[in-house]
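Novice: Just a sequence and a predicted model for now, questions to come.
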Amino acid sequence: MTVTEGPATGPRTPVIYLSHGAPPLADDALWPGQLADWSAGIARPRAILIVSAHWEAAPVTLGATTTVPLVHDFWGFPERYYRVTYPAPGAPELAAAVRGLLDGPGTRVHEAPDRGLDHGAYVPLAEMFPAADIPVLQLSMPTLDPERLLRLGRRLAPLRDEGVLIVGSGFFTHNLSELTWNSGPDQAPGWSREFDAWGREALADGDVDALLDFEHASPAGRLAHPRTEHFAPLFVALGAGEADLATQRTVIDGFWGGLAKRSIQLG
């Protein structure tokens, strides 16, 4: 895969930020169908580059470029969730393209050739692209700083012209100490609703500055995200999809266990 300079010769591949849930997402009555419907409306990508809340590593690091076992990075679930597979092809050409975009003075891309996809990657992809026949590459989050992640996304944006679907995978609100497993899709505590509504409006207004300062600018920001790793992938998506910010749209909303599962598409 060669990243070309100049304007795109065809439609750019969109960028998405999705809330990825947990392994039991596969058993939800609503969510798998929402993800499948979403992917059905996206032209088949040549490859997928995904940044998940569940892999923080600095310097920025490329995951496996061959098919290796998944990272079952969760505990206390029924055994069947640990038997799930998602044998997507590796993406060595995409890895080379990412390295070409990110390598430079003061920045060196590292590699973790044995690092498989974690549940923030394979859980949603298994619903969106169940055939597991599209090459997938996972990229670490080298920081949780929103502005640095926004700049990272900007540097990755040319991949969109090469048919690469860039995915930020997190959760729009994420406070596991407040998780209520049996809540319905319209049930959520006030803090989760307030943050979700604030985020929806900030995205609709294209107010990137407010989003970057979400811990202070939003209602209940620190309660919605006691630690910010699940909101952080949004900034990679916003950077990569910045040119389409004015037309971003929410594709999935509602709640799961009281957590907001808002997911957006740019382009």
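Specialist: It's in. The shown structure was predicted, so the numbers you read here are calculated from the model rather than taken from an experiment. Numbers count the residues shown, from 1 in each chain.

Novice: Can you measure across stretch 175-189, start residue to end residue?
Specialist: Across stretch 175-189, the terminal residues are separated by 11 Å (Cα to Cα, to the nearest Å).

Novice: For that stretch, list every residue counted as buried.
Specialist: Buried residues in stretch 175-189, counting neighbours by 16 or more other Cβ atoms under 10 Å, are found at 175, 178, 183, 188, 189. Backbone N, C-alpha and C define where each C-beta goes, glycine included.

Novice: And the furthest pair within these?
Specialist: The distance between the two most remote of the buried residues of stretch 175-189 (Cβ to Cβ) is 13.2 Å, for 175 and 183.

Novice: Out of the buried residues of stretch 175-189, show me where the pLDDT dips lowest.
Specialist: Least confident entry in those, by pLDDT: residue 183, with 84.

Novice: My read is that that one contacts residue 255, right?
Specialist: Yes - under the criterion of Cβ atoms under 8 Å, residue 183 is in contact with residue 255, at a separation of 6.6 Å.

Novice: Does residue 36 touch residue 129 like I think?
Specialist: No - the pair residue 36 / residue 129 is not scored as a contact, 9.2 Å apart, by Cβ under 8 Å.

Novice: Next, the contact list for the nearest residue to residue 73 once chain neighbours are set aside, please.
Specialist: Sequence neighbours aside, residue 118 is the residue nearest to residue 73 in space, at 4.9 Å (criterion: Cβ to Cβ, 6 or more residues apart in numbering). Contacts for residue 118 (Cβ atoms under 8 Å, 6 or more residues apart in numbering) come out as 52, 54, 55, 70, 71, 73, 138.

Novice: which stretches of this protein aren't confidently modelled?
Specialist: Residues of the chain that meet the criterion pLDDT under 70 lie in 1-10.

Novice: quick one, longest helix in it?
Specialist: Ranked by residue count and defined by DSSP state H, the top helix of the chain is helix 190-205.

Novice: Show me what that helix packs onto, helices and strands only.
Specialist: helix 208-212, helix 214-217, helix 221-224, strand 259-260 (3 or more Cβ pairs under 8 Å, 6 or more residues apart in numbering; DSSP states H and E).

Novice: Could you rerun that using 7 Å?
Specialist: Counting contacts by 3 or more Cβ pairs under 7 Å, 6 or more residues apart in numbering; DSSP states H and E, helix 190-205 is packed against helix 221-224, strand 259-260.

Novice: gap between the last one and the chain center?
Specialist: The reference is to strand 259-260. 15 Å (Cα atoms, centre = their mean, to the nearest Å).

Novice: That one: partners in the sheet, and parallel or antiparallel?
Specialist: Strand pairing for strand 259-260, using DSSP bridges, gives strand 255-256 (antiparallel).
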